[in-house]
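# With the sequence up front, the predicted model follows.
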Amino acid sequence: MKYLIYNWKASLPESLDQWVSAVKKAQEKVGVSDTFCIAPPFSHIDALEKEASLQGLSYQKGAQDVSAFSKGAYTGDIPASLLKERGVVYVLVGHAERRRLHGESTEIVGKKVVEAQKEGLIPIVCVGEENIDDDLTPHINEAVSFVKKGVSMIAYEPQWAIGGSVVLDLSKIEERITLFREKLDGVGKEYVLLYGGSVSEDILSQLLCYTGIDGFLVGSASVDIKQSNTIYTSIYG
Ligand code: PGA
């Protein structure tokens, strides 16, 4: 069973009810899955839930980030306990955009993981190299160290592949997934390895041939009404 995580980032679909209806149609066609998650902006967790329940859409609640602190005087932060209260199950931690634009270090990512784990949320730790020619070793090592600390979901997201602006060399992705697998398998714990970065309906069929990928983290394409339907259908059909 593949995982599918829709990460809307700081965007919304053109029409929330049409988006929900499109994914609902996909679920009517290929079935519901408890490994399907939607991570809207925090502001729309409730609005999405309301629309989904009106239309009978089934999904796991996701969040795009979590505070490195518990409840308290941390203006702007959203602690894991409050996410838990809203029914959130999965939380992205250390997304490339958080690292690059908000200076999140591995240490901060580690604190966020601990906060998420304390509340029983499932952290999805995102790792990946900035440039196509960068050494992969530190990123693999980071993934390995998080799996050793009980993280069960890693998303390999090469930063150069995020945002849909490059033509992906898919053989490179496959090679790199294999390198992650070799080291992560060596830890001897159960984990899933997701891939993220320019996943769209156009390249999904090819990515689905790579057995090393347990699922996908989809950004921009997941906000698109048509692709939200076709991607879901391809993954679970
Ligand atoms: P993208 O983003 O699908 O828009 O490349 C993926 C991600 O950042 O999770």
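Looks like it arrived, so ask away. Numbers count the residues shown, from 1 in each chain.
# show me where the chain has strands.
3-7, 36-39, 60-63, 88-93, 122-127, 153-156, 192-196, 215-218 (DSSP state E).
# got those as a markdown table, with distance to the ligand columns?
C-betas here are computed from N, CA, C, even on glycine. Converted to a markdown table, these look like this (distance: least, C-beta to the nearest ligand atom, whole Å):
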| stretch | distance to the ligand |
| --- | --- |
| strand 3-7 | 5 |
| strand 36-39 | 9 |
| strand 60-63 | 11 |
| strand 88-93 | 8 |
| strand 122-127 | 7 |
| strand 153-156 | 7 |
| strand 192-196 | 4 |
| strand 215-218 | 4 |
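# May I have the beta-bridge partners of residue 154?
For residue 154, the beta-bridge partners are residue 125, residue 193 (DSSP bridges).
# Pull the contacting residues for it.
Applying C-beta atoms under 8 Å, 6 or more residues apart in numbering, we find residue 154 in contact with 124-127, 143, 146-147, 180, 184, 191-194.
# Where neighbours are concerned, which of the residues you listed has the most?
residue 124 (29 neighbours; other C-beta atoms under 10 Å).
# still on that earlier bit, could you dump the strands of the chain into a markdown table and include mean pLDDT?
Output for the strands of the chain, formatted as a markdown table (pLDDT from 0 to 100):
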| stretch | mean pLDDT |
| --- | --- |
| strand 3-7 | 98 |
| strand 36-39 | 98 |
| strand 60-63 | 98 |
| strand 88-93 | 98 |
| strand 122-127 | 98 |
| strand 153-156 | 98 |
| strand 192-196 | 97 |
| strand 215-218 | 97 |
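# Now render the ones you listed as JSON lines, adding distance to residue 48.
Output for the strands of the chain, formatted as JSON lines (distance: least, C-beta to C-beta, whole Å):
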{"stretch": "strand 3-7", "distance to residue 48": "10"}
{"stretch": "strand 36-39", "distance to residue 48": "6"}
{"stretch": "strand 60-63", "distance to residue 48": "8"}
{"stretch": "strand 88-93", "distance to residue 48": "12"}
{"stretch": "strand 122-127", "distance to residue 48": "18"}
{"stretch": "strand 153-156", "distance to residue 48": "21"}
{"stretch": "strand 192-196", "distance to residue 48": "20"}
{"stretch": "strand 215-218", "distance to residue 48": "16"}
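# Need the nearest residue in space to residue 12, chain neighbours excluded.
Distances taken as C-beta to C-beta, 6 or more residues apart in numbering put residue 44 closest to residue 12, at 6.4 Å, once the chain neighbours are dropped.
# Could you tell me which residues make contact with that neighbour?
Applying C-beta under 8 Å, 6+ apart, the residues near residue 44 are 8, 12, 16.
# Return the distance of it relative to residue 28.
Relative to residue 28, residue 44 is positioned 24 Å away (C-beta to C-beta, to the nearest Å).
# any idea how far residue 127 is from residue 71?
Taken as C-beta to C-beta, the span from residue 127 to residue 71 is 28 Å.
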